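**Q** sequence first, predicted model second:
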Amino acid sequence: KNLSMHFPIMGGVFRRPVGKVHAVNDVSFELHAGETFGVVGESGCGKSTLGRTIVRLYEPTQGSVNFRGDDIAHLKGDGLMRLRREIQMIFQDPYASLNPRMTIRDILEEPFILHGMGGSAEERLAKVKELVKVVGLRVSDINKFPHEFSGGQRQRIGIARALTLNPSIIVCDEAVSALDVSIQSQVLNLLIELQKTLNLTYVFISHDLTVVKYISDRVAVMYLGRIVELASSDDIYDNAMHPYTKALLSSVPVPDPDRIQHSEILEGEVPSPTNPPSGCPFHTRCKYVTDRCINELPRLTKVAGNDDHQVACHFAEKIKEEADQG
Ligand code: SF4
Ligand code: MG
């Protein structure tokens, strides 16, 4: 709720703070149990920072993260340790996040040992074997090292590690982005299958709209650290209202001539998050910009007639009416 994460920029001879990066700005949303909540946006829009703040790898500058009635935003020590069992993260590059000197068995046993869980050595080993099977790897491979696996297999190891402590939420940050397209769908399908069998809730972060559409129930579109549109996956792709969402969608090649006709080219560069524009963060690139946009920040507001669709644009309804009239 109202989550912000600002990082200081150090500069000058004395390496003192000379400014700050507004990575996440006043972001609010609810995560529903069992859903996949997609977060999309261009690189640098703050989606990874948002993910890391949810799992409490970062302590937010402002706002709260409420989980089962408690604000976890500033947890430390034992409280944070307990939270780690509930909220886990899967990263883009499994190779970088797996210790090359540890076998798969060691990698998967480590969380049990750190958290004093998993029972006796035999019980732990049995759990490791079970996890390896669950993610579609061979039990006979547990004594191998990460470099002996392919990219897709390594991501399966990353998923197994995230599952060790039986979490309820997993934040997937570009979890399939480094994989070949054919392998992507295998890993996505594994995530979908695991969600059903283990009652998992996902926050699925990606710059890839196709992947997000495939896996998400709801989608938040981020721009310069803010959610500019939030709706069901279907509504984001079929009834997008924010000019940024529309531009983002039209940059995806789709085998649909209607869409290509309406394609809008996203011009100009994303402004620097160290010096975000006044008013609407998208105003420097928006073709509908008015004085009001430059002066007044549009709030994320429910769309008339659809409680589950929110958009942050002063003129969303008007732009939609015009588009509907062709
Ligand atoms: Fe464009 Fe104005 Fe809407 Fe921002 S508020 S997206 S600048 S029309
Ligand atoms: Mg990122």
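**A** Here it is on my side, so go on. Ligands and ions are numbered 1, 2, ... in the order given.
**Q** can you give me the strands in the stretch 51-200 of the chain?
**A** Under the criterion DSSP state E, counting those that start in this stretch, the stretch 51-200 of the chain carries strands at the ranges 66-67, 70-71, 87-90, 169-173.
**Q** format those strands as TSV; extra columns: distance to residue 35, mean pLDDT and mean neighbour count.
**A** No exception for glycine: its C-beta is placed from N, CA and C like everyone else's. TSV is the format used below for those (distance: least, C-beta to C-beta, whole Å; pLDDT from 0 to 100; neighbours: other C-beta atoms under 10 Å):
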stretch	distance to residue 35	mean pLDDT	mean neighbour count
strand 66-67	15	96	15
strand 70-71	20	94	12
strand 87-90	15	95	23
strand 169-173	10	97	24
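**Q** with distance to ligand 1 as extra columns, can I get those in TSV?
**A** TSV is the format used below for those (distance: least, C-beta to the nearest ligand atom, whole Å):
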stretch	distance to ligand 1
strand 66-67	29
strand 70-71	31
strand 87-90	31
strand 169-173	26
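**Q** I'd say residue 110 and residue 103 touch.
**A** No: using C-beta atoms under 8 Å as the test, residue 110 is too far from residue 103 to be in contact (10.7 Å).
**Q** got the phi and psi for the residue nearest to residue 156 when sequence neighbours are not counted?
**A** In space, and not counting its chain neighbours, residue 156 is closest to residue 135: 4.2 Å by C-beta to C-beta, 6 or more residues apart in numbering. Main-chain dihedrals, residue 135, degrees, to the nearest 10: phi -90, psi 10.
**Q** wait, residue 135 sits on residue 159?
**A** Yes: assessed by C-beta under 8 Å, residue 135 is found in contact with residue 159 at 5.2 Å.
**Q** and the longest helix for the protein?
**A** In the chain, assigned by DSSP state H, the helix with the most residues is helix 181-198.
**Q** what's that helix packed up against?
**A** helix 151-163, strand 201-206, helix 209-215 (3 or more C-beta pairs under 8 Å, 6 or more residues apart in numbering; DSSP states H and E).
**Q** out of the ones you listed, deepest packed?
**A** Among the helices and strands packed on helix 181-198, ranked by average contacts under mean count of other C-beta atoms under 10 Å, first place goes to strand 201-206 (a mean of 25).
**Q** next, the angle from that strand to strand 169-173.
**A** 10 degrees (axes from the mean of the first three to the mean of the last three C-alpha atoms, to 10 degrees).
**Q** using CSV, write out every CA atom in strand 201-206.
**A** C-alpha atoms of strand 201-206 as CSV (Å, rounded to 0.1, in the frame of the first residue of the first chain):
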residue,chain,number,x,y,z
THR,A,201,0.3,-17.3,-5.5
TYR,A,202,2.6,-15.7,-8.0
VAL,A,203,3.8,-12.2,-8.7
PHE,A,204,5.0,-12.7,-12.2
ILE,A,205,7.4,-9.9,-13.4
SER,A,206,8.4,-9.6,-17.0
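**Q** renumber starting at 463 from here on
**A** Done: numbering now begins at 463, and the last item shifts to strand 663-668.
**Q** which other helices and strands does it contact?
**A** strand 498-502, helix 509-516, strand 631-635, helix 643-660, helix 671-677.
**Q** same thing but 6 Å
**A** Helices and strands touching strand 663-668, by 3 or more C-beta pairs under 6 Å, 6 or more residues apart in numbering; DSSP states H and E, are strand 498-502, strand 631-635.
**Q** find the closest residue to ligand 1 in the stretch 563-712 of the chain.
**A** Closest residue of the stretch 563-712 of the chain to ligand 1, C-beta to the nearest ligand atom: residue 705 (4.5 Å).
**Q** residues in contact with that residue?
**A** 748, 750 (C-beta atoms under 6 Å, 6 or more residues apart in numbering).
**Q** out of the helices and strands in this structure, which is least certain?
**A** Every helix and strand in the chain was compared by mean pLDDT, DSSP states H and E; the lowest is helix 719-723, with a mean of 48.
**Q** report the buried residues of whichever helix or strand comes after it.
**A** Remark: after helix 719-723, the chain's next helix or strand is helix 753-757, criterion DSSP states H and E. Residues of helix 753-757 classed as buried: residue 755 (neighbour count, 16 or more other C-beta atoms under 10 Å).
**Q** please name every helix or strand in contact with the helix or strand following helix 753-757.
**A** Toward the C-terminal end, the helix or strand that comes next after helix 753-757 (DSSP H and E) is strand 763-765. Packing partners of strand 763-765 (3+ C-beta pairs under 6 Å, 6+ apart): strand 768-773.
**Q** many thanks, have a good one.
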